[in-house]
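Asks: Sequence first, then the predicted structure, then my questions.
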Amino acid sequence: MVYVSRKEHFNAAHRLFNPTWSDEKNSEVFGACANVNGHGHNFELIVTVKGEPHPDTGFVIDLKVLADLVKTEIIDKVDHRNLNVDVDFMRGKMASCEVFVVEIWKILDQALAQITEARLHRIRLYETPRNYVDYYGE
Ligand SMILES: Nc1nc2c(c(=O)[nH]1)N=C([C@H](O)[C@H](O)COP(=O)(O)OP(=O)(O)OP(=O)(O)O)CN2
């Protein structure tokens, strides 16, 4: 089994708040991340796919194919957007990295299954250079 990864970059804004809570409680729990007009991040998304190298190509997946898939399925939908208001698959959800990475997984897992036998292994999402989350589909 070989693990192949592609890293992409995007900018997006979000606001962390729970609409069922008061402004005071949101500020208490989320601090400045609950500010009404949101805040932005330079995200890094690392998508790792696993599989056996194909005997003819030596590829688990053509990295150009993986790059195009991540771009069309995710980056084009989130880059320079507000996750709370502009991104269909995040509408009505908490815009935390944890929730975001699970939604990204659902989309990529389904899209990959249509083009290859290689499987999604991990999605790593950096929100800042020091904060990141990993999701393995479990
Ligand atoms: N479990 C989570 N905690 C937090 C999330 C999240 O998505 N999941 N998000 C945030 C904020 O959106 C943001 O990431 C906070 O940034 P900040 O604290 O400024 O982090 P930095 O790495 O830029 O700065 P440090 O000073 O190094 O912490 C908050 N929590």
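Replies: Nice, I can see it. None of the values given here were measured: they were computed from a predicted structure. Numbers count the residues shown, from 1 in each chain.
Asks: How about residues contacting the longest helix along the chain?
Replies: Within the chain, and with DSSP state H defining each element, the longest helix by residue count is helix 97-113. Residues from elsewhere that reach helix 97-113 (Cβ atoms under 8 Å, 6 or more residues apart in numbering): 45, 47, 49, 69-70, 73-74, 83, 89-90, 93, 118-120, 123, 125, 127, 131-135, 137. Using the backbone N, CA and C atoms, a C-beta is placed for each residue, glycine as well.
Asks: I'd like the next helix or strand past that helix.
Replies: strand 119-126 (DSSP states H and E).
Asks: and that next one with helix 97-113, angle?
Replies: Angle, strand 119-126 to helix 97-113, by axes from the mean of the first three to the mean of the last three Cα atoms, to 10 degrees: 150 degrees.
Asks: what distance separates strand 119-126 from the centre of its chain?
Replies: Going by Cα atoms, centre = their mean, to the nearest Å, the spacing between the C-alpha centre of strand 119-126 and its chain's C-alpha centre is 8 Å.
Asks: Mind checking if it is in reach of the ligand?
Replies: No - interface with the ligand: strand 119-126 contributes nothing (Cβ under 6 Å from any ligand atom), its closest point being 8.9 Å away.
Asks: partners of that strand in the sheet?
Replies: Paired strands of strand 119-126, with direction, are strand 39-51 (antiparallel), strand 132-135 (antiparallel) (DSSP bridges).
Asks: got TSV for those strands, with mean pLDDT too?
Replies: Conversion of the strands paired with strand 119-126 to TSV gives the following (pLDDT from 0 to 100):
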stretch	mean pLDDT
strand 39-51	98
strand 132-135	98
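Asks: which one of those strands is the most hemmed in?
Replies: Mean neighbour counts were taken over those using mean count of other Cβ atoms under 10 Å, and the top value, a mean of 17, falls to strand 39-51.
Asks: need the residues of the protein near the ligand, please.
Replies: Taking Cβ under 6 Å from any ligand atom as the contact definition, the chain meets the ligand at Leu16, Cys33, Ser96, Cys97, Glu98, Glu127, Thr128, Arg130, Asn131.
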